[in-house]
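**Q** pasting the sequence and the predicted coordinates here, then a few questions.
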Amino acid sequence: MAMDEQDGGSRTADSIATVHVLFVCMGNICRSPTAEGVFRKLVETQGLETDIAIDSAGTISYHVGEPPDNRAQEAARQRDIDLSTLRARQIISDDFHQFDYIIAMDDDNLRNIQTMDPGDGKAEVSLLMDFAPQAEERVVPDPYYGGSNGFQRVLDLIEQASIGLLAQIRQQKGL
């Protein structure tokens with residue numbers, strides 16, 4: 001296999017396994033699909049879309065099959081991020097085996113994820129805002145019952161944390 005020219009030939013294309021990242025909130029219609037869209041755009045701008053697979057899920061099944069909230073889609077669209085093709089799904093036990101990182105938006109969802117963890121998976125479970133230590137907020141607040149400003153704030157927080165998450169993935173996985 002030819003050496004990868006982008007990094008000076010330090011790795012071969014076959015030496016890197018795809019890294020799988022799953023973002024999780026409660027219903028998978030606001031925060032986690034927004035995180036999926038933001039992180040996907042960041043990964044694509046870095047040319048890593050073949051190295052990192054991204055998905056999102058919810059801890060509850062209320063919205064399975066639904067698109068993201070219209071307000072989340074509009075806020076993301078204002079930042080050139082398209083969420084329209086995403087559909088809500090619920091996290092399942094197999095996700096702990098398939099994903100390398102399962103990233104919760106808040107403490108309640110983190111606890112729910114930890115409760116569901118079968119214990120024999122490979123997933124590293126954490127809070128998204130752990131990847132933005134400079135941020136004042138430690139969780140991504142649920143904007144569902146608020147106005148459009150809440151969706152903009154969610155995007156701001158997710159963008160900050162996504163940069164840190166990608167930096168950690170690149171360091172840990174040699175990307």
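**A** Alright, I've got the coordinates.

**Q** stretch 164-175 - what's its average pLDDT?
**A** Over the span of stretch 164-175, the pLDDT mean works out to 94.

**Q** residues touching the residue most central in space within the chain, list them.
**A** In the chain, the C-alpha nearest the mean C-alpha coordinate belongs to F23, at 3.7 Å (Cα atoms, centre = their mean). Contacts for F23 (Cβ atoms under 8 Å, 6 or more residues apart in numbering) come out as 31-33, 35-36, 39, 54-57, 103, 105, 128. Where you see a C-beta, it was placed from the backbone N, CA and C, and this is true even at glycine.

**Q** show me what the lengthiest helix in the chain is packed against.
**A** Assignment by DSSP state H gives helix 148-173 as the longest helix of the chain. Other elements packing on helix 148-173 under the criterion 3 or more Cβ pairs under 8 Å, 6 or more residues apart in numbering; DSSP states H and E are strand 19-25, helix 31-45, helix 70-77, strand 101-104.

**Q** could you list the low-pLDDT ranges of this protein?
**A** Along the chain, the parts satisfying pLDDT under 70 run over 1-16.

**Q** just checking, I81 touches V38?
**A** Yes: if you go by Cβ atoms under 8 Å, I81 and V38 touch, sitting 6.2 Å apart.

**Q** tell me which of these two has more neighbours.
**A** V38 (25 against 20; other Cβ atoms under 10 Å).

**Q** would you mind measuring from that one to Q114?
**A** Using Cβ to Cβ, to the nearest Å, V38 is found at 24 Å from Q114.

**Q** how about the nearest residue to L165 once chain neighbours are set aside, phi and psi?
**A** For L165, ignoring the flanking residues on the chain, the nearest one in space by Cβ to Cβ, 6 or more residues apart in numbering is F131 at 4.2 Å. F131 has phi and psi values of phi -90, psi 0 when expressed as degrees, to the nearest 10.

**Q** can you tell me how far F131 is from I163?
**A** Distance from F131 to I163, by Cβ to Cβ: 8 Å.

**Q** who's more crowded, these two?
**A** Between F131 and I163, counting by other Cβ under 10 Å, F131 is the more crowded of the two (20 against 15).

**Q** which residues touch the more buried one?
**A** By Cβ under 8 Å, 6+ apart, the residues touching F131 are 161-165, 167-168.
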